[in-house]
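Enquirer: take a look and give me a structure for this.
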Amino acid sequence: MSGDSPSSILSKAWNYAHVLKNAGVGYSDYVEQITYLLFLKLADEMTELGFDNPIPPEYQWPELSSKSGDDLENHYRHTLENLGKGPGLVGIIYRRAQNKISNPSDLQRLVKLIDEENWSGMDVDIKGAIYEGLLEKTASSSEKGAGQYFTPRPLIRAMVEVMEPAPGQLIGDPACGTGGFLLAAYEYISHHYELDRAARKHLKTRALRGTDIVPGVVSLCAMNLYLHGIGSANDDPPVDRADALAQSSGKKFDMILANPPFGKKGGYTIVGEDGKITTEKQEYEREEFWATTSNKQLNFLQHIVSELKIGGTAAVVLPDNVLFEGGAGETIRRELLKRCNVHTLLRLPTGIFYAQGVKANVLFFEKREASEKPWTKDLWIYDLRTNQHFTLKTNTLKDADLEDFKACYQPGKFAKRKETDRFKKFTYEEIAARDKANLDIFWLKDESLEDSENLPPPAELAAEIIESLEAALEEFRGVEAALAQPED
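Expert: Below you'll find the predicted structure:
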């Protein structure tokens, strides 16, 4: 592969993914194995440049690449098991790592694929682009749900551009997936500012912090950031595996950018001694939360507010139910409007996420100090959904589709905002007077309602019906709980 272009290397690597898919190795498993092997190869190459190899000698690349057959498979399995017990970035990348390639000849071919290229000789943008390309192809090619960790990159870039991250800030993502937001913030700061040595070191090793609950995804994120020059084997990893909702991170962020996982409820299954299976709702009791709920997105919203510094800003992707759900949803919305300056809502189109039928939005706000008066004065809503039709294959969301939103947003110059057909202002008084402080606001005429041929696909309609039924069921549960309370 040596001397090939980045697109050629990506094409060869992805073509081999198809071969392994036929052998029973899923796309996401394939990219995980690429991650484990590529880090070993990079660590070996970096020693030639004078850096210490963080991998113990018996598990370094030459030991692996020199073997074949069953010896290779056994050595690789032991390598993964032992490196997962290590500290720092090595431990993060190999935590719970397993060999998913059972055929030694397939494994040897993948080792050879990686061994042929001098990865450390590539510019970080090039090798990062190759890995990011593998992640995107995995998300678009896998079965339902496999792309939940991949937010469309044009959306991420637009969010970061209007948020304008700056040097010296601590920027976080409590549901970081493969690191898209952290990477975009890094690239924005790198390209918009002249950084001295201290500022660049801070950006690479201290400025960006992510958390995710899925070990395999944390590994992909750590590697994605590492290949883009973020983090090192000798510093605290920029990403951690944890349940972000369980407790505070202990940090206060200047900026949080996030797309918390889709799926409304959190819960766990209990098998009793009699064999009876029951499902318990998972709720988080935290003093800094305004309401207790099993709705994951509402909990993430509360968590994000609690993690911000006073004056800190956030941009968060949230499903429609967060805008209109009653009970805890209403409590959280009203508190958010009072305690933060909730200034912008971007209504996203359907067809841009890998989960079918998702209706989502981006909420932009700034945390403010305690006050008797609400901090939200005006909420500006940009409707990018009505009469917009996107798909994951033939009509994907592009950077150009968000140019008008970015122009309307006016970062740092909200007083200069002007209403357009798609961009409207609603005062705090108007919103507070709405039933349940409902933010699910539309004003454009939906042309699809007049033409049955423009109806969404059946899977999308089914997802909408399920969402509505779940919201109604949650309302009934609230009524049931209220009726169950003993009278004074």
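Enquirer: got the domain boundaries for the protein?
Expert: Segmentation of the chain into domains, based on automatic domain parsing, reads 6-140, 144-472.
Enquirer: could those domains be laid out in CSV, adding mean neighbour count?
Expert: Glycine gets a C-beta too; all of them are placed from N, C-alpha and C. Listed next are the domains of the chain as CSV, based on neighbours: other Cβ atoms under 10 Å:
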stretch, mean neighbour count
domain 6-140, 17
domain 144-472, 18
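Enquirer: need those in a markdown table (columns: mean pLDDT).
Expert: A markdown table is the format used below for the domains of the chain (pLDDT from 0 to 100):
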| stretch | mean pLDDT |
| --- | --- |
| domain 6-140 | 87 |
| domain 144-472 | 87 |
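Enquirer: who touches residue 169 in this structure?
Expert: Residue 169 makes contacts with 207, 254, 255, as judged by Cβ atoms under 8 Å, 6 or more residues apart in numbering.
Enquirer: quick one, what contacts the second one?
Expert: What that stands for is residue 254. Contacts for residue 254 were tallied using Cβ under 8 Å, 6+ apart; they are 169, 170, 171, 308, 309, 311, 312, 313.
Enquirer: quick revisit: redo the contacts of residue 169 as CSV? Include distance to residue 304 and secondary structure.
Expert: Shown next, in CSV, are the contacts of residue 169 (distance: Cβ to Cβ, whole Å; DSSP: H, G, I helix; E, B strand; the rest coil):
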residue, distance to residue 304, secondary structure
207, 18, coil
254, 13, strand
255, 11, strand
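Enquirer: any idea how far the residue lying closest to residue 121 once chain neighbours are set aside lies from residue 219?
Expert: Nearest non-adjacent residue to residue 121, counting by Cβ to Cβ, 6 or more residues apart in numbering: residue 45, 7.8 Å away. Taking Cβ to Cβ, to the nearest Å as the measure, residue 45 falls 20 Å from residue 219.
Enquirer: now do residue 421
Expert: For residue 421, the distance to residue 219 - Cβ to Cβ - is 45 Å.
Enquirer: can you give me the strands for the stretch 101-250 of the chain?
Expert: Here the stretch 101-250 of the chain has its strands, by DSSP state E, counting those that start in this stretch, at 171-173, 208-212, 239-241.
Enquirer: closest one to residue 59 among those strands?
Expert: With Cβ to Cβ, the closest approach to residue 59 among those belongs to strand 239-241: 21.3 Å.
Enquirer: show residues contacting that closest one.
Expert: 92, 95, 176, 179, 182, 209-215, 218, 221-222, 225, 231.
Enquirer: just checking, which of those residues belong to helices?
Expert: 92, 182, 215, 218, 221, 222, 225 (DSSP state H).
Enquirer: residues contacting the last one?
Expert: The reference is to residue 225. By Cβ under 8 Å, 6+ apart, residue 225 lies in contact with 179, 182, 183, 186, 208, 210, 231, 238, 239.
Enquirer: surely the first one meets residue 211?
Expert: No. With contacts counted by Cβ atoms under 8 Å, residue 179 stays clear of residue 211, the gap being 11.1 Å.
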